[in-house]
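1. have a look; sequence and predicted model below, questions after that.
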Amino acid sequence: MSTDVLTVHAATNPAHTTWVIQPQGSLQGRTTIPGDKSISHRALMLGALASGKTTIQGLLLGEDPRSTANCFRALGAQISELNSEQVQIQGIGLGQLQEPTGVLDAGNSGTTLRLMLGILASHPDRVFTVTGDTSLCSRPMARVVTPLQQMGAQIWGRQSDTLAPLAIRGQHLQPIHYHSPIASAQVKSCLMFAGLMTVGQTTITEPALSRDHSERMFAAFGADIAVDPDTYSVTVTGPAQLQGQAIVVPGDISSAAFWLVAAAIVPGSDVWIKNVGVNPTRTGVLDILEQMGAEMTLANPRTVAGEPVADIHIRHSQLQSTVISGAVIPRLIDEIPILAVAALFAKGVTVIRDAAELRVKESDRLTAMATQLQKMGAQITEQPDGLEIQGNASLKGAAVDSFGDHRVGMSLAIAALKATGITTIHRAQAAAISYPNFVSTLQQLWQS
C-alpha cells in the first residue's frame, strides 16, 4: 500500500496547507468516516440545554463542532474535552443559559450560528453577541433573523440585521406558523430551538423535505414535537422539558460521498465504508449515484440511537449522465460539489439545477467548482442555479484553490485522482472543518 499519492506541505505556515496529488493506482479496502456533522452539532446543543447528563459517542472532531462546544461552554454548560470515544455534558437546563462575558465565536460554522440564534433569542433578560470568521460574517442570516423577529426577537447586525456580528437581547417570544421559502434544516432547526422556550405551538412548513435530524433528536430528549410528512411541517409545543440522553453519532454520509465517488470513477477500485448514517432525508447522493449506474450495495442495515445506519460497498463502474434537480436537492445539497466530479466521468452531459443555495455556502460553490475544474481541463458551463457538465473528461493536473471551502478542497482532491500529472490544491487546511483525517484515509485506501 502506497502513501505516495498525496503529500501535505505546511512548512512555513500551518494555516496555509497545500496538497500535492500525483495518482497511479486505485482505492481498495475498508474504512470508517467521521461522525455526522449535523448530528454532532445538535447533540452538543441539546445536551447543553437539557437537565442532567448527556453522553455522545462518535462525535465529529472537526473545527465546526469545536466552535459549538466552545460557545455552549461560554454559556454555562459543562462539556468535557472533545473526543470520538465519549464526550460528557452536564446540561445547564433549558432557560438557564448564562450571559457570557465575551463574544460567542461560531468560527466558520453556519450551523452553530444560525441554530444558536433561536436559542439565544428565546432566553429573556440576557444579552448576547455572536460572530464568526470572515467567511461566516459574509453569509446571509436574514433567513433566520426575519422569522425570529416575527416571533418578537430583538436582533441587531450589519446590513439591516442580515450579517454577523449580531447582537441579541433575549425575549419571551410568541409562537408563529412560519412558511419557509426554502427547504433548509438550519432555518427549521433554528425556529424549533426557539420554540422550546416559547409558550404555545411553533410550526415550520417547508416547500420540500429537508434533513430531519433535529426532529429525531428533539423527540429523543423529550420535547413535544409533531411531524406532518404530507405538508413538510413540524410543530414544537413549548415550554419543553429536556432530559440528558446517551447519543451515538453515525458516520457522516457527506464524508462518505468522497469515497463513493472516488471508488466509482477510479478503475480497479473496490471500497467498503462502514457505519454510514443513511437517514432518508440525507441519501440523495445514493439515489443519484444509483441513477448514474454506480455498482453500489448497502449491507447490514440497522438503527442506532434513532438513526438508520448501514455499510456501503462500491466498485468502479461506467457512470451515465443524469439530471439533478427539484425535490432531491435539499437531500444532497452538501454533496453537489463531489457529484460534479462524478459527472465529469459519466457518459453524456449532466445537468444540475435548483442549486442556487450553493452560492451562499462557505464559498460560492458553483463558481468554485466550475472555475477550478476548468483549470484541469473540464468542460463545465455555470448557470445561475447550477452547472452543465460534459462527461468523459480527460483531466490534467493543475494548481487549484479550495477557496477556503472544505467540500470544494476535498472534491478537487478526488478529481485529481483521475488527472494525469500533478495537481496542487491550495488552502487545503479547510478540510479540517468537517474531515480532519481526510488525508490519512486517502492514504489508507490508495493502492499503487
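-> Alright, I've got the coordinates. Just so it is clear, the model here is predicted, and its values are computed rather than measured. Numbering: from 1, shown residues only.
2. do a quick rundown of the helices in the stretch 1-150 of the chain.
-> Under the criterion DSSP state H, counting those that start in this stretch, the stretch 1-150 of the chain carries helices at the ranges 37-49, 63-74, 110-121, 142-150.
3. elements contacting the shortest one?
-> In other words, helix 142-150. Judged by 3 or more CB pairs under 8 Å, 6 or more residues apart in numbering; DSSP states H and E, helix 142-150 is in contact with helix 110-121, strand 154-157, helix 158-161, helix 185-196. C-beta coordinates here come from the backbone N, C-alpha and C atoms, glycine included.
4. so which of the helices of the stretch 1-150 of the chain gets nearest R315?
-> Among the helices of the stretch 1-150 of the chain, helix 37-49 comes nearest to R315, with 27.0 Å by CB to CB.
5. closest to N279 out of the helices of the stretch 1-150 of the chain?
-> helix 37-49 (8.8 Å).
6. what residues of the closest one count as buried?
-> Neighbour counts over helix 37-49 (16 or more other CB atoms under 10 Å) mark 37-49 as buried.
7. out of these, flag the one nearest to H172.
-> L49 (17.0 Å).
8. list the contacts of the closest residue to C137 other than its chain neighbours.
-> The shortest distance from C137 to any non-neighbouring residue, by CB to CB, 6 or more residues apart in numbering, is to A164 (4.8 Å). Applying CB atoms under 8 Å, 6 or more residues apart in numbering, we find A164 in contact with A106, L113, V130, T131, G132, L136, C137, R139, M141, G157, R158.
9. name the element A164 belongs to?
-> strand 163-169 (DSSP states H and E).
10. using PDB, write out every CA atom in that strand.
-> Output of strand 163-169 as PDB, limited to C-alpha atoms (Å, rounded to 0.1, in the frame of the first residue of the first chain):
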ATOM      1  CA  LEU A 163     -25.000  39.800   8.600                       C
ATOM      2  CA  ALA A 164     -22.900  38.900  11.600                       C
ATOM      3  CA  PRO A 165     -21.700  40.100  14.000                       C
ATOM      4  CA  LEU A 166     -25.100  40.100  15.600                       C
ATOM      5  CA  ALA A 167     -26.300  41.300  19.000                       C
ATOM      6  CA  ILE A 168     -29.300  39.600  20.700                       C
ATOM      7  CA  ARG A 169     -31.400  40.700  23.600                       C
END
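11. how about the helix or strand following that strand: buried residues?
-> Downstream of strand 163-169, the next assigned helix or strand under DSSP H and E is strand 177-179. Neighbour counts over strand 177-179 (16+ other CB under 10 Å) mark Y178 as buried.
12. run through who's touching strand 177-179.
-> The contact list for strand 177-179 (CB under 8 Å, 6+ apart) reads P147, Q150, L191, T202, T203, I204, T205.
13. before we move on, back to that, relative to V408, how far out is the residue nearest to C137?
-> 22 Å (CB to CB, to the nearest Å).
14. give the closest residue to Q78 in space, chain neighbours not counted.
-> Spatial nearest neighbour of Q78, excluding adjacent residues (CB to CB, 6+ apart): Q90 at 3.9 Å.
15. which residues does that neighbour contact?
-> Contacts of Q90 by CB under 8 Å, 6+ apart are G52, K53, A77, Q78.
16. if we go to 10 Å?
-> 47-48, 50-54, 76-80, 244 (CB atoms under 10 Å, 6 or more residues apart in numbering).
17. tell me the pLDDT at it?
-> Looking at Q90, its pLDDT reads 98.
18. coming back round to it: and the contacts of strand 177-179 as a markdown table, adding neighbour count, pLDDT and distance to L417?
-> Output for those, formatted as a markdown table (neighbours: other CB atoms under 10 Å; pLDDT from 0 to 100; distance: CB to CB, whole Å):
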| residue | neighbour count | pLDDT | distance to L417 |
| --- | --- | --- | --- |
| P147 | 21 | 98 | 43 |
| Q150 | 13 | 98 | 48 |
| L191 | 30 | 98 | 41 |
| T202 | 29 | 98 | 46 |
| T203 | 21 | 98 | 46 |
| I204 | 25 | 98 | 41 |
| T205 | 15 | 98 | 42 |
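19. for stretch 264-272, list the C-alpha coordinates in PDB.
-> Output in PDB follows, covering the C-alpha atoms of stretch 264-272 (Å, rounded to 0.1, in the frame of the first residue of the first chain):
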ATOM      1  CA  ALA A 264     -16.900   4.800  -8.700                       C
ATOM      2  CA  ILE A 265     -14.600   6.800 -11.100                       C
ATOM      3  CA  VAL A 266     -11.200   5.200 -10.500                       C
ATOM      4  CA  PRO A 267     -10.700   1.900 -12.400                       C
ATOM      5  CA  GLY A 268     -10.000  -1.100 -10.200                       C
ATOM      6  CA  SER A 269     -11.400   0.400  -7.100                       C
ATOM      7  CA  ASP A 270     -13.400  -1.600  -4.500                       C
ATOM      8  CA  VAL A 271     -14.300   0.100  -1.200                       C
ATOM      9  CA  TRP A 272     -16.400  -0.700   1.900                       C
END
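20. how far is that stretch from where the chain is centred?
-> 24 Å (CA atoms, centre = their mean, to the nearest Å).
21. returning to what we had before: the helices and strands packed on helix 142-150: which one's closest to A378?
-> Closest approach to A378 among the helices and strands packed on helix 142-150 is made by helix 110-121 (27.7 Å; CB to CB).
22. one step back: and which of the buried residues of helix 37-49 is nearest S214?
-> Nearest to S214 among those, with distances taken as CB to CB, is R42, at 5.9 Å.
23. need the nearest residue in space to that closest one, chain neighbours excluded.
-> Nearest to R42 is M217, by CB to CB, 6+ apart, at 5.0 Å.
24. G58 too?
-> Nearest to G58 is V249, by CB to CB, 6+ apart, at 3.8 Å.
25. separation between the one you found and A368?
-> From V249 over to A368 the distance is 28 Å, taken as CB to CB.
26. now swap in V408 and tell me
-> The span separating V408 from A368 equals 5 Å under the rule CB to CB.
27. looking at the two, which is more packed in?
-> V408 (29 against 26; other CB atoms under 10 Å).
28. quick one, what contacts that one?
-> 337-338, 361-365, 367-369, 372, 400-402, 425, 427-428, 430-431.
29. give the pairing partners of the helix or strand harbouring A299; include direction for each.
-> Using DSSP H and E, A299 sits within strand 295-304. Paired with strand 295-304 in the same sheet, following DSSP bridges, are strand 307-315 (antiparallel).
30. following the strand it pairs with, which helix or strand comes up?
-> strand 319-320.
31. run through who's touching the following helix or strand past that following strand.
-> Per DSSP H and E, strand 319-320 leads on to strand 323-324 as the next helix or strand towards the C-terminus. For strand 323-324, contacts defined as CB under 10 Å, 6+ apart pick out 284-285, 287-288, 291-292, 332, 335-336, 339-340, 343, 349-355, 386-387, 389.
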